[in-house]
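Visitor: Attaching a predicted model along with its sequence, questions to come.
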Amino acid sequence: MAPRPGIQELVGHRLIDQDGNNVGKIGQVYRDDQTHQPTWVTVQTGMFGNQESFVPLAGAEVTDQDLRVPFSKSLIKDSPRFGVGGHLSPEQEAELYRHYGVQPNVPGPRATEEQDTAEREPRAQAAGTMPREGEEASITRSEEQARVGVERTESGRARVHKSVENEPFEEDVPVRRERLRVEREPVTGEAGTGRMGEQEEEITLHEERPVVGKEEVPVERVRVSKEEVSDTERVRGELRKEHIEVDEEEGGSGRSRRRRS
């Protein structure tokens, strides 16, 4: 419910939006000239609090010395700008009500609480009603809007390690070896004479054999890193949307028709 008299004590306190965000500090309180009930407050917005936005008190409540209103911070900051410290004209007030989607309760000019205390009687007598062309009914239509974003989650982990395994290999190696070669040639008289008997000579044969030696040598450096790549994923869902239906009866015929928008 909207705060009752004593709302002036919240001037300088925070104004909180429907999501719990701090909008700014309350600047002034505007009261109705006829009922003297608080109907509007101004909140200091802008980077340095050098602007003031009007906020209706419909549905507002006091929580922990702060004032919470059922409107979003962006809606408040985008509200029409009017000078503070005086009256709101019926046209200005109607424009504000349309912006917030609030049905006005008691039409008429609004004054700041300070001016209301000093000049209440003259303004109360001069208070008029908001001009209307005819009766009207209004319904606020709402719909859900999707807020699509991204969140960062862990998708996996990689560990780098090395192991040792045996791998067979084959290679042809050229080798040399010595072998015996027997040659015979006739002995002539000039070559001398020999003695009959046993005789032995020794020859050592050599050959080459393959020898395998091993040594550890670095062959390559492997680096593993991560990089960020961009992709597109399609999201699907359902949003609720309100529709307005108007039942219209035709007088005398008893027939009715329904229009939907």
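Guide: Cool, got the structure.

Visitor: From residue 174, how far out is residue 229?
Guide: 54 Å (CB to CB, to the nearest Å). From N, CA and C alone the C-beta is placed, and that goes for glycine too.

Visitor: same deal with residue 202?
Guide: The spacing between residue 202 and residue 174, counted by CB to CB, is 29 Å.

Visitor: Residue 16 too?
Guide: Residue 16 sits 92 Å away from residue 174, going by CB to CB.

Visitor: now residue 227
Guide: Distance, residue 227 to residue 174, by CB to CB: 50 Å.

Visitor: what's the closest non-adjacent residue to residue 38?
Guide: Spatial nearest neighbour of residue 38, excluding adjacent residues (CB to CB, 6 or more residues apart in numbering): residue 7 at 4.5 Å.

Visitor: and that neighbour, how many residues sit next to it?
Guide: Counted with other CB atoms under 10 Å, the neighbours of residue 7 add up to 20.

Visitor: Helices of the chain, start to end?
Guide: When assigned using DSSP state H, the helices of the chain occupy the ranges 73-77, 90-100, 113-126.

Visitor: Compare the mean pLDDT across those and name the weakest.
Guide: When those are ranked by mean pLDDT, helix 113-126 comes last with a mean of 37.

Visitor: What is the neighbour count of residue 151?
Guide: 4.

Visitor: For it, give me its contacts.
Guide: Residues near residue 151 by CB atoms under 8 Å, 6 or more residues apart in numbering: none.

Visitor: mind checking how far it is from residue 234?
Guide: Distance from residue 151 to residue 234, by CB to CB: 17 Å.

Visitor: low pLDDT regions in the stretch 1-150 of the chain?
Guide: When residues are selected by pLDDT under 70, those of the stretch 1-150 of the chain lie in 1-6, 46-50, 105-138.

Visitor: Tell me which stretches of it form strands.
Guide: In the stretch 1-150 of the chain, the strands defined using DSSP state E, counting those that start in this stretch lie at 14-16, 22-32, 38-45, 51-56, 61-63, 66-68, 110-112.
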